[in-house]
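Novice: give me a model of this one.
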Amino acid sequence: MSILAVGSVAIDSVETPFGHAERVIGGSAVFFSASASLLTEVSVVGVVGDDYPLDQLAFLKKRGVDLSGIQRESGESFSWVGKYHSDLSSRDTLETRLGVFEGFNPIIPKELQQSEYVFLGNIDPTLQHQVLDQVDSPSLVACDTMNYWIEGNRESLINLLARVDILMLNDEEARQLSEKSNLLQASRWIQERGPKMVVVKKGEHGAALFTRDEIFFVPGFPLEQVFDPTGAGDAFAGGLLGYIAKKNSISVADLRRGVAYGSVLGSFAVQKFSIDGLRNLTESDIFRRVQQLNAMTTFEIDEGVEDFA
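Specialist: Presented below is the predicted three-dimensional model:
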């Protein structure tokens, strides 16, 4: 089944302790589609300026990603410049230029309004509402958000919760949104306002899935080298939704596997700058790493208490 992804299409300049990349493609919609398109069909809606290197998205078109929903406006594209610290968990934003993204008005083409799966990248909740106003009863809506919107447009974001099935955010954002210090309490608070599922992303430490009845945790895939964490969360979301859409199922078993695929796709994303870690992957590469993750996290328990006697 196809996924409609709405989010930023950006130009990033990134410096880490392991190198730097100047004016490379990025943004939530790009990282998400680069990941999800390895598993299923994806259509993207976003906006770019007349300076955006659209030719660099050609590899997505080759995979069958529908880019017809990307609007091209006169002006500069959304761009971000950042520098990561030595731990790669913290970073400094050196410059953000919204450009044409400041006036982004998401228009969903008629042929995409019937999409079964919808991913709302971490754009303004007001725009996320506008997207949902244009789609016709999707089977599942997943939404990403960030602390900027929790602080700046909290009321709209809370109202949005009643319209989404999965909310994705990191542990700090979950606590900030719910005003609960305990992540389990935070997830329950969020679920009471609408989402059936909450996914808490914990960076290199993995992710936790909270449903109404279950909790499932997947660690981050251990890597010897990480070059660029930018977009890892969106790549994770692409792996999770890509797997769910591929299976066309939100059973507990498939949700668990989806989180594992998300962890794996996120691990590929951070091994190179920009989307290069996702550019030449195959399903075999992904499945091999999923098997490795499974081997690392599976164990058998004793038969019962008597085994301790």
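
Novice: touching, residue 156 and residue 126? I think so.
Specialist: Yes: using CB atoms under 8 Å, residue 156 is in contact with residue 126, at 5.3 Å. To be clear about C-beta, it is placed using only N, CA and C from the backbone, and glycine gets the same treatment.

Novice: what's the neighbour count on the residue lying closest to residue 235 once chain neighbours are set aside?
Specialist: Computed as CB to CB, 6 or more residues apart in numbering, the closest residue to residue 235 that is not its neighbour in sequence is residue 269, at 3.7 Å. The local packing of residue 269 (other CB atoms under 10 Å) involves 30 other residues.

Novice: so who does residue 269 touch?
Specialist: Counting by CB atoms under 8 Å, 6 or more residues apart in numbering, residue 269 makes contact with 31, 34-35, 231-232, 235, 275, 277-278.

Novice: hey, where'd the strands end up in this structure?
Specialist: Ranges of strands in the chain, per DSSP state E, are 3-6, 10-16, 19-26, 42-48, 66-72, 79-84, 91-97, 117-120, 140-144, 166-170, 197-201, 207-210, 215-218.

Novice: quick check: buried residues in the longest helix anywhere in the chain?
Specialist: The residue-count maximum for a helix in the chain (DSSP state H) belongs to helix 252-269. For helix 252-269, a neighbour-count test (16 or more other CB atoms under 10 Å) marks 254-269 as buried.

Novice: how about the helices in the stretch 51-200 of the chain?
Specialist: For the stretch 51-200 of the chain, applying DSSP state H, counting those that start in this stretch gives helices covering 58-62, 125-134, 147-152, 154-161, 171-178, 183-191.

Novice: and the third one, what does it pack against?
Specialist: Okay, so that is helix 147-152. helix 171-178 (3 or more CB pairs under 8 Å, 6 or more residues apart in numbering; DSSP states H and E).

Novice: swap in the second one?
Specialist: Helix 125-134 is packed against strand 3-6, strand 117-120, helix 154-161, with contacts defined by 3+ CB pairs under 8 Å, 6+ apart.

Novice: and the ones you listed, which is most packed in?
Specialist: strand 3-6 (a mean of 29; mean count of other CB atoms under 10 Å).

Novice: what sits up against it?
Specialist: 29, 32-33, 36, 40-46, 106, 108, 112, 115, 117-121, 123, 127-128, 131, 135, 138, 241-242, 245.

Novice: check residue 247 and give its pLDDT.
Specialist: We note a pLDDT of 97 for residue 247 in this prediction.

Novice: quick check: closest non-adjacent residue to residue 66.
Specialist: Per CB to CB, 6+ apart, closest to residue 66 is residue 43, 3.9 Å.

Novice: then residue 260?
Specialist: residue 218 (5.2 Å).

Novice: residues in contact with that neighbour?
Specialist: 206-209, 256, 259-260, 262-263, 293, 297.

Novice: okay if I get the residues you listed as a markdown table plus pLDDT and distance to residue 89?
Specialist: Conversion of the contacts of residue 218 to a markdown table gives the following (pLDDT from 0 to 100; distance: CB to CB, whole Å):
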| residue | pLDDT | distance to residue 89 |
| --- | --- | --- |
| 206 | 94 | 14 |
| 207 | 97 | 15 |
| 208 | 97 | 17 |
| 209 | 97 | 22 |
| 256 | 96 | 26 |
| 259 | 97 | 20 |
| 260 | 97 | 22 |
| 262 | 97 | 19 |
| 263 | 97 | 16 |
| 293 | 97 | 21 |
| 297 | 93 | 22 |
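
Novice: could you redo the residues you listed as JSON lines and give each row distance to residue 195?
Specialist: Below are these laid out as JSON lines (distance: CB to CB, whole Å):
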{"residue": "206", "distance to residue 195": "20"}
{"residue": "207", "distance to residue 195": "15"}
{"residue": "208", "distance to residue 195": "14"}
{"residue": "209", "distance to residue 195": "12"}
{"residue": "256", "distance to residue 195": "17"}
{"residue": "259", "distance to residue 195": "15"}
{"residue": "260", "distance to residue 195": "20"}
{"residue": "262", "distance to residue 195": "16"}
{"residue": "263", "distance to residue 195": "20"}
{"residue": "293", "distance to residue 195": "25"}
{"residue": "297", "distance to residue 195": "25"}
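
Novice: among those, pick out the one closest to residue 200, please.
Specialist: Using CB to CB, residue 208 comes nearest to residue 200 of those, at 4.6 Å.

Novice: hmm, the closest one is touching residue 184, no?
Specialist: No: with contact defined as CB under 8 Å, residue 208 does not reach residue 184; the gap is 9.2 Å.

Novice: okay, these two: which has more neighbours?
Specialist: Higher neighbour count among residue 208 and residue 184: residue 208, with 20 against 12, using other CB under 10 Å.
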